[in-house]
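Q: generate coordinates for the sequence data below:
(one chain, ligands or ions: 1)
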Amino acid sequence: MESYGSSLNRSQSLASGLEKSSPKWKPSHSRSSSTVSSRQVIKDWEVIDDLQVETQPGGENPPDTTIPGICEGYLLKRRKWPLKGWHKRYFVLEAGYLRYSKNQHDVTIGRVQGSLDVSLAVMTVNKKSNRIDLDTGDILYHLKAKSHELFYIWFTKLQAHRLYKKAAHGHSGILLTHGGAAGQAQRNGDLSSTGMLPSANTAVNSKNLLLEKPKKPRSGKIWHSRTLSRVEALGKLSSSHLSSSPQLGASVPSIPDYVYSQLSPPTVTSPEGKKVHQDICTISLRVLASLKSVHETLSQERQKLQEIWEPNNIHQSNTLAEVRFMLHLSPGSSRTYSPVFSSSFYFSMDSLQRRHTYPTGLPQWQTRLQSILTPALTSFVMVPLRCLMNQDSVMEAPPTLSQRKDMESKRCRSQEHRLANDAARSMSGQQPRKDLARVSMPVPLNEPVTLLQRLCEELEYSELLDTANNTPDPYQRMVYIAAFAISGYSTATFRNRYKPFNPVLGETYECVREDRGFSYISEQVCHHPPISACHAHSENYSFWQDQRWKNKFWGKSLEILPTGMVNVTLSRYGDHYEWNKVVTCIHNVLSQQRYLEHYGEVTISNLKSNVCTCKITFVKSRYWGSDTNKNEVQGTVLDQSGSIIHRFGGLWHEGIFCDTLPTPKCVWKPNPQPKDHLIYYGFSDFAMDLNELPPDLTPLLPLTDSRLRPDQRMLEEGNVDEAEAKKDFIEEYQRERRKELAKRGKNIFHVFSSKKAKDSCGRDVWLTNGTYWKVRENPGFTNVDNLTVW
Ligand SMILES: CC(C)CCC[C@@H](C)[C@H]1CC[C@H]2[C@@H]3CC=C4C[C@@H](O)CC[C@]4(C)[C@H]3CC[C@]12C
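A: Numbers count the residues shown, from 1 in each chain. Prediction:
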């Protein structure tokens, strides 16, 4: 049977994917060393490459497009934040969808806890620990099989279903309908009812895998926990075969035959079935051919990149990762080049620029990419970038000057936007004569604020600190501190489309808000790893933090794990509160469906008194589509004995309510967004003011202030190309400065210094050395030897 052979081949190629020695399998990447706790495990993670599917030599045989059999059984699923550990859940993989329930019974009554389309997921496996991670961007499943055998079965089945589902997508619904109906019929054990396949094939097609023993053991039969009951029942395989298979050992070189057989297509005899089969085959072949050519090109490029990379191994992991990131942006290549965010995703493009300078006038990262990529691959990389860029062009035309009532007081961004949109449109091909590669791309992905300015936004609800300082009861005070800690996350709702500018080393940003009673100063104190330190003081409080974070990239979503602590002292009571930050996950980081979610637990302690502590949980949303607990936050204030004194809760984007206060009330709710915020980067009123540069302020600022950053100003004014070139220049200049300073053994810090002080977790803390405001006052920055950072 020809198609059977092709299916076998495919299986083998999938299987060999797991063999280290196989030439077809090259571990696509290892997870970032900074992101996975156990180093032993890191190198064993492999991203599964969809492009390794092959037809028989000659390419005559169509790839298998039959609905793969259902696979069901128990797997361990990692608990959702904030809970740790694994729980046993019953999974059913059917017609390209993986769903799970608490147990087998729940499946039968249709009580599903979650489901995902496996074709949309990036699959990462760790065969040593039997782990499979699936990341669709919205949903992230961390799964573990109890044994190698089960792992390989699930792995193979998942691959088969992913391929099937992809083919189904490619058939604009033909197969989907087919899959849906047939899948159900398969479950019911009746394929003939779909009208797709003749009843003669029922036996072959119902080769579903039930990886669990049935509830009641059949009389006289003892079920092994790994019994493939239905397979056995079909007489295809005995559990002894499974356990005696020499291939299923500690390091399993290939998938056993019974698994291959699961992938075999049926013999289609009905004319209707044949027609569908033929259609599928033709289209699949076309898809396969193009994927193969893409794969080939990418392999060549990888070879080239490796050659370039090897001699320059100073930042090798970064550079390759960055290039991979670029390649990863392409939809077709997403599983071939898997990004490793070994240090920082956020800075990836910047550091790509850092490596080489080309005198062509093109932004360096583009020139560099062009020089190492073939023309085919260049567009491969540019197109998805263009898609990212194009997010602007889907926005409504910005209002004209006269339409914006308070335009006088705010900066005018309408013209800027039009220009930015023009740039995006030209990249999207609406102005075909413009060379895509010559249009600056990364800069329009930025919002015109730097991370130092964005950090200042955490003070938008500083009135909560004022209230805390005027609240005598320590437990109630804690409620306000907690509300303040939560309020800092609220900007995420509207700020997922652009990234802030990466501050250069020594860059500063001050924000004096007499109306709010605070003065804020921040400085970029370290470039690698990036650390931004900030300090705000007012008569009621002091606030400081040094922001640093690690990244975990799962294939489609990026988790930001901040490591620094936030500190607040209250002047009236001498309290010193310290708390950690939660994980922020950028779901669908590379697509327009990008959104941010915060999850994890915050513990606020008062270092000056142990009267009370506070625990806040940012609840991870249960699953995509269910809005019931989206952005949910719950918290408690506990006394010394651990008894709950206050309870509060709500949504971080809508407000926090506390009903245990003397009068139950909403302790915080976000300010309404300005009406035109969607076309102004999702900025709040507070954010709109951050980059304001009133003429009377200019002479008071040091040259290092973010407001004076020319590339950012250019972007804001719509001069995208200039901004791009300027950004290149600034980063190059930074590199030179750093080299120069390294030679002299110096650092650039002038506002903050890393004291020997440690936070409660033993990390160094960056504290202000108090010079900034003194110098500003007297003699003023214009009168001192000021740093030149751009
Ligand atoms: C342009 C596309 C490709 C990427 C957009 C990435 C954006 C959404 C990312 C880049 C850097 C990220 C920020 C980096 C650090 C922090 C500190 C953390 O405590 C809260 C989240 C916050 C503030 C992140 C929010 C999301 C963020 C702004």
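
Q: okay, CA-based contacts and neighbour counts for the rest of this
A: OK.

Q: can you list the strands that the lengthiest strand in the chain pairs with?
A: If you go by DSSP state E, the chain has its longest strand at strand 595-606. Paired strands of strand 595-606, with direction, are strand 576-579 (antiparallel), strand 583-587 (antiparallel), strand 612-618 (antiparallel) (DSSP bridges).

Q: touching the ligand at all, it?
A: No: against the ligand, strand 595-606 shows no contacts by CA under 6 Å from any ligand atom, the least distance being 7.0 Å.

Q: if we can go back for a sec, residue 44 is nearest to which of the strands paired with strand 595-606?
A: Closest approach to residue 44 among the strands paired with strand 595-606 is made by strand 583-587 (23.7 Å; CA to CA).

Q: and the closest one, anywhere near the ligand?
A: Yes: counting by CA under 6 Å from any ligand atom, the ligand is contacted by strand 583-587 at residue 584.

Q: quick one: contacts of that strand?
A: Strand 583-587 is contacted from outside by 137-138, 496, 556-562, 593-600, using CA atoms under 8 Å, 6 or more residues apart in numbering.

Q: any regions of the stretch 651-790 of the chain where pLDDT drops low?
A: 745-750, 754-757, 786 (pLDDT under 70).

Q: which residues of it fall in helices?
A: 685-690, 710-716, 720-743, 771-777 (DSSP state H, counting those that start in this stretch).

Q: quick check: phi and psi on the closest residue to residue 677 other than its chain neighbours?
A: Using CA to CA, 6 or more residues apart in numbering and skipping the chain neighbours, the partner closest in space to residue 677 is residue 683 (5.5 Å). Backbone torsions of residue 683, given as degrees, to the nearest 10, read phi -70, psi 140.

Q: for residue 683, give me its contacts.
A: Contacts of residue 683 by CA under 8 Å, 6+ apart are 494-495, 673-674, 677.

Q: farthest-separated two in those?
A: So, the contacts of residue 683 by CA to CA: farthest apart are 495 and 674, at 13.7 Å.

Q: for these two, indicate the residue with more neighbours.
A: Neighbour count, other CA atoms under 10 Å: between residue 495 and residue 674, residue 495 has more, with 18 against 14.

Q: any idea how far that one is from the ligand?
A: 6 Å (CA to the nearest ligand atom, to the nearest Å).

Q: quick check: that residue touching residue 684?
A: No: in this structure, residue 495 is not within contact of residue 684 by CA atoms under 8 Å, at 9.6 Å.

Q: out of the contacts of strand 583-587, which end up buried?
A: Burial by neighbour count, judged by 16 or more other CA atoms under 10 Å, picks out 137-138, 496, 556-562, 594-600 from the contacts of strand 583-587.

Q: which one of the strands paired with strand 595-606 lies nearest to residue 449?
A: Residue 449 lies closest to strand 583-587 among the strands paired with strand 595-606, at 18.9 Å (CA to CA).

Q: just the CA trace of that closest one, in PDB.
A: The C-alpha trace of strand 583-587 is given here as PDB (Å, rounded to 0.1, in the frame of the first residue of the first chain):
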ATOM      1  CA  VAL A 583       5.300  37.900  36.000                       C
ATOM      2  CA  THR A 584       4.000  39.800  33.000                       C
ATOM      3  CA  CYS A 585       3.300  37.600  30.000                       C
ATOM      4  CA  ILE A 586       3.100  39.000  26.500                       C
ATOM      5  CA  HIS A 587       0.800  36.500  24.800                       C
END
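
Q: for residue 84, which non-adjacent residue is closest in space?
A: Closest to residue 84 by CA to CA, 6+ apart is residue 78, at 7.4 Å.

Q: could you list everything that neighbour pairs with in the sheet?
A: residue 86.

Q: what about it, neighbour count?
A: Residue 78, neighbours per other CA under 10 Å, totals 19.

Q: low-scoring stretches of the stretch 101-250 of the chain, by residue?
A: For the stretch 101-250 of the chain, the ranges with pLDDT under 70 are 169-208, 213-250.

Q: please redo it, this time with the cut-off set to 80
A: Scanning the stretch 101-250 of the chain for pLDDT under 80 picks out 168-250.

Q: and the residue of it closest to the ligand?
A: The stretch 101-250 of the chain approaches the ligand most closely through residue 137 (13.4 Å), counting by CA to the nearest ligand atom.

Q: wait, that residue touches residue 591, no?
A: No: counting by CA under 8 Å, residue 591 is not a contact partner of residue 137; they are 9.0 Å apart.

Q: buried residues in the host helix or strand of residue 158, which are they?
A: Residue 158 is part of helix 148-170 when elements are defined by DSSP states H and E. Across helix 148-170, burial judged by 16+ other CA under 10 Å covers 148-168, 170.

Q: picking up where we left off before, okay, the residue nearest to residue 677 and residue 491: tell me how far apart.
A: 8 Å (CA to CA, to the nearest Å).

Q: again, but for residue 75
A: 37 Å.

Q: how about the residues of the protein that lie near the ligand?
A: So the chain meets the ligand at 346, 445, 496-500, 562, 581, 584, 590 (CA under 6 Å from any ligand atom).

Q: now with 8 Å, please.
A: Contact residues (CA under 8 Å from any ligand atom) of the chain with the ligand: 346, 388, 445-446, 451, 454-455, 489, 492, 495-500, 547-549, 560-562, 581-586, 589-591, 594-596.

Q: so which of the residues you listed are in strands?
A: 446, 499-500, 547, 549, 560-562, 583-586, 595-596.

Q: my guess is the residue nearest to residue 84 meets residue 143, correct?
A: Yes: using CA under 8 Å, residue 78 makes contact with residue 143 at a distance of 6.3 Å.

Q: what's the most buried one of the helices of the stretch 651-790 of the chain?
A: Most buried of the helices of the stretch 651-790 of the chain, by mean neighbour count (mean count of other CA atoms under 10 Å): helix 710-716, with a mean of 22.

Q: wait, what's in contact with the residue nearest to residue 84?
A: Per CA under 8 Å, 6+ apart, neighbours of residue 78: 84-87, 141-143.

Q: what of residue 603?
A: Taking CA under 8 Å, 6+ apart, one finds 579-580, 613-616 in contact with residue 603.

Q: excluding its backbone neighbours, what's nearest it?
A: Using CA to CA, 6+ apart, the nearest residue to residue 603 is residue 615, at 4.7 Å.
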